[in-house]
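Q: I would like the atomic coordinates for the input below:
(2 chains)
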Amino acid sequence: MPAVSEFLRRHTGMVHGLARRVLRNAEDAEDAVQDIFLDVWRSAHRYDATLGSETTFVTTIARRRLVDRVRRATVRPAAQSLEDPAMLASEEDTSVELREAAAIAQNALDQLKPEQREVLQLSLGQGRTHEEIASSIGIPLGTVKSHARRGLLRLREMLGVKADDPGGAR
Amino acid sequence: MNQSVLSRRDQLLVDGALGALEGPDQAAFEALLRDPTAAAEFAALERSAALVAMAEFANGPTPAPTPSPLATRLRDDALAFFAAQTNSPQSAISERPRKVVQFLAPWLLAALVTVVLALWRTPRAAQPPELARAELLATPSGLVRCEWTPGPSPRRGDVHGDVVWSPSTQAGFLRLNGLPPLDAGHCYQLWIVDAARTGPPVDGGRLEPGPAGREFVVPIGAKLPVQQPAAFVLTIEAADGVVVSAQEHVVAVARP
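A: Residues are numbered from 1 along each chain as shown, chains lettered A, B, ... in the order given. Modelled structure (predicted):
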């Protein structure tokens, strides 16, 4: 299979899925996916396999672009239920690399305090804002922020994610 | 980072990675990223956050399939992006220092080659010559490329541009700017001097002068195989072209 098609096949499902969860609007999500892949092509020279996998590289760019979009958006639909049929409709496969990286991350997540894990899963996995998380699980906003911050720092430590050369991050 | 009390700096970096910055914190965060060490730490936090997102995605409900029109747009975007990269002599890829090129992901290089091959297989009639030229320039090796120099004809104008020719595929393109307009009774015609061939130069096809003041690209239409191109010669001929040129009006020459 041609490399571009193969690359897109490996990553589009995840990028599109993240965009749907974070932006909660099909049209916005598709626009975002296009922007994200253009950014991936433009940023490709920064890819350093010693710092993370190809999937991590793509996902990092995707999250960054999605965060930018959410910040710019004046209106954001309410969080969707993951039981939405539109989000359960296919058997689109996930790559071996994604599954392996996910297993490692999941193992680290499992070692977090339950409240930290829950907040990070809702925030990073489902694109919920801290306010939405506070409201949905009934804890103060400040506590949500604290769990999220501590949880991410602990995760980075457990996953051994190292910093790249100063200046090469963005 | 201090694990007991998070500094303002650490809070900003983590909140940035979480996408949880608010109001004035955003400006403070952006200012903080000017510090290379902070930027590198932030990048590591971003990757950590990405790993969580990946885990949640892989372990969550199966996503909806990518809409077919979106998949098509993504592929087209990629084709256009790589075509633009290969088309421009000032392209970011070609200009980057070796250190950065070494970090190019294998998939990027594979993608580039694939785009070129994909474009190559596209029927010529459906392809803009600029794009076709870009794909030719991206072929690994063996290309002949040379710049136009003015010919002796007083009607030469101020021609500039170049010629790209692939001996292996017997295809090539002229990139031209500054050809003077012609009256209806004349045309421009390309000739290819083949060092491996005796006899008159090979007819490379007729062409219009193109839009005034704008660069244009035209494919070479060699009527015979060309083994060792020694020169590309642009002449003014009668409107229907000629089989053999007297080369009375040579407006430009490109020599490999």
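Q: State the pLDDT value of the closest residue to B:Ala20 other than its chain neighbours.
A: Leaving aside its sequence neighbours, B:Ala20 sits nearest to A:His130 (CB to CB, 6 or more residues apart in numbering or on different chains; 5.4 Å). Backbone N, C-alpha and C define where each C-beta goes, glycine included. Per-residue confidence (pLDDT) for A:His130: 90.
Q: Spit out the contact partners of A:Glu131.
A: With contact taken as CB atoms under 8 Å, 6 or more residues apart in numbering or on different chains, A:Glu131 is in contact with A:Leu141.
Q: Can you pull out the residues in contact with the host helix or strand of A:Asp68?
A: Under the criterion of DSSP states H and E, A:Asp68 resides in helix A:54-72. Contacts to helix A:54-72, defined as CB under 8 Å, 6+ apart, come from residues A:10-11, A:14-15, A:18-19, A:22-23, A:28, A:32, A:35-36, A:39-40, A:43, A:47, A:52, A:76, A:95, A:97-98, A:101, A:124, A:127, B:19, B:21, B:26, B:43, B:46-47, B:49-51, B:53-54, B:105, B:107.
Q: could you give the mean pLDDT of that helix?
A: Average pLDDT, helix A:54-72: 89.
Q: Check stretch A:99-113 too.
A: 89.
Q: ok, and what's touching it?
A: With CB under 8 Å, 6+ apart as the test, stretch A:99-113 has contacts from A:53, A:55-56, A:94, A:117, A:120-121, A:147, A:151, A:154-155, A:158-159, B:51-52, B:54-55, B:57-59.
Q: quick one: buried residues of that stretch?
A: A:99, A:101-102, A:104-106, A:108-109, A:112 (16 or more other CB atoms under 10 Å in any protein chain shown).
Q: Then stretch B:191-209?
A: B:191-194, B:197, B:201-207, B:209.
Q: Skipping adjacent residues, who's closest to the residue in the stretch 1-150 of chain B that chain A sits nearest to in space?
A: Nearest residue of the stretch 1-150 of chain B to chain A, counting by CB to the nearest CB: B:Glu56, 2.5 Å away. Excluding its sequence neighbours, the residue lying closest to B:Glu56 (CB to CB, 6+ apart) is A:Gly125, at 2.5 Å.
Q: pLDDT at that neighbour, what is it?
A: 85.
Q: That one reaches B:Ala55, doesn't it?
A: Yes - assessed by CB atoms under 8 Å, A:Gly125 is found in contact with B:Ala55 at 7.4 Å.
Q: who has more neighbours, these two?
A: Neighbour comparison, A:Gly125 and B:Ala55: the larger count goes to B:Ala55, with 26 against 20 (by other CB atoms under 10 Å in any protein chain shown).
Q: List phi and psi for that one.
A: Dihedral pair for B:Ala55: phi -60, psi -40, per degrees, to the nearest 10.
Q: All the helices of chain A, in order from the start?
A: Remark: helices assigned in chain A by DSSP state H are A:3-23, A:26-43, A:54-72, A:96-110, A:114-120, A:130-137, A:141-159.
Q: Also chain B?
A: Using DSSP H, the helices of chain B run over residues B:8-18, B:24-32, B:36-59, B:68-87, B:92-95, B:98-102, B:106-121, B:129-137.
Q: residues making contact with the second one?
A: Outside helix B:24-32, the residues that touch it by CB under 8 Å, 6+ apart are A:71, B:8-9, B:12-13, B:15-16, B:21, B:38.
Q: Of those residues, which is the most crowded?
A: For the contacts of helix B:24-32, the largest number of neighbours (other CB under 10 Å) sits with B:Leu13, at 27 neighbours.
Q: right, and it touches B:Phe42 too?
A: Yes - using CB under 8 Å, B:Leu13 is in contact with B:Phe42, at 4.9 Å.
Q: quick one: common contacting residues for these two?
A: Counting by CB under 8 Å, 6+ apart, nothing touches both B:Leu13 and B:Phe42.
Q: For burial, what's the neighbour tally of B:Gly23?
A: Counted with other CB under 10 Å, B:Gly23 comes out at 7.
Q: That one and A:Glu132, how far apart?
A: B:Gly23 sits at a distance of 18 Å from A:Glu132 (criterion: CB to CB, to the nearest Å).
Q: pretty sure A:Leu38 is touching B:Asp77, no?
A: Yes - between A:Leu38 and B:Asp77 there is a contact at 5.8 Å, judged by CB under 8 Å.
Q: most tightly surrounded among the helices of chain A?
A: Highest mean neighbour count among the helices of chain A (mean count of other CB atoms under 10 Å in any protein chain shown): helix A:3-23, with a mean of 23.
Q: In PDB, could you pull the C-alpha coordinates for that one?
A: Taking Å, rounded to 0.1, in the frame of the first residue of the first chain, the C-alpha atoms of helix A:3-23 are listed here in PDB:
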ATOM      1  CA  ALA A   3       3.100   5.100   2.100                       C
ATOM      2  CA  VAL A   4       0.900   8.100   2.300                       C
ATOM      3  CA  SER A   5      -2.300   6.100   2.200                       C
ATOM      4  CA  GLU A   6      -0.800   3.700   4.800                       C
ATOM      5  CA  PHE A   7       0.300   6.500   7.000                       C
ATOM      6  CA  LEU A   8      -3.100   8.100   6.800                       C
ATOM      7  CA  ARG A   9      -4.800   4.800   7.400                       C
ATOM      8  CA  ARG A  10      -2.800   4.200  10.500                       C
ATOM      9  CA  HIS A  11      -3.500   7.600  12.000                       C
ATOM     10  CA  THR A  12      -6.600   9.100  10.600                       C
ATOM     11  CA  GLY A  13      -9.000   7.000  12.700                       C
ATOM     12  CA  MET A  14      -7.400   8.100  15.900                       C
ATOM     13  CA  VAL A  15      -7.000  11.700  14.900                       C
ATOM     14  CA  HIS A  16     -10.600  11.900  13.700                       C
ATOM     15  CA  GLY A  17     -11.800  10.100  16.900                       C
ATOM     16  CA  LEU A  18      -9.900  12.600  19.100                       C
ATOM     17  CA  ALA A  19     -11.200  15.500  17.100                       C
ATOM     18  CA  ARG A  20     -14.800  14.300  17.400                       C
ATOM     19  CA  ARG A  21     -14.500  13.900  21.100                       C
ATOM     20  CA  VAL A  22     -12.800  17.200  21.700                       C
ATOM     21  CA  LEU A  23     -14.700  19.400  19.300                       C
END
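Q: That one near chain B anywhere?
A: Yes - using CB under 8 Å from any CB of the partner chain, a contact is recorded between helix A:3-23 and chain B, made by A:3-5, A:7-8, A:12-14, A:16-18, A:20.
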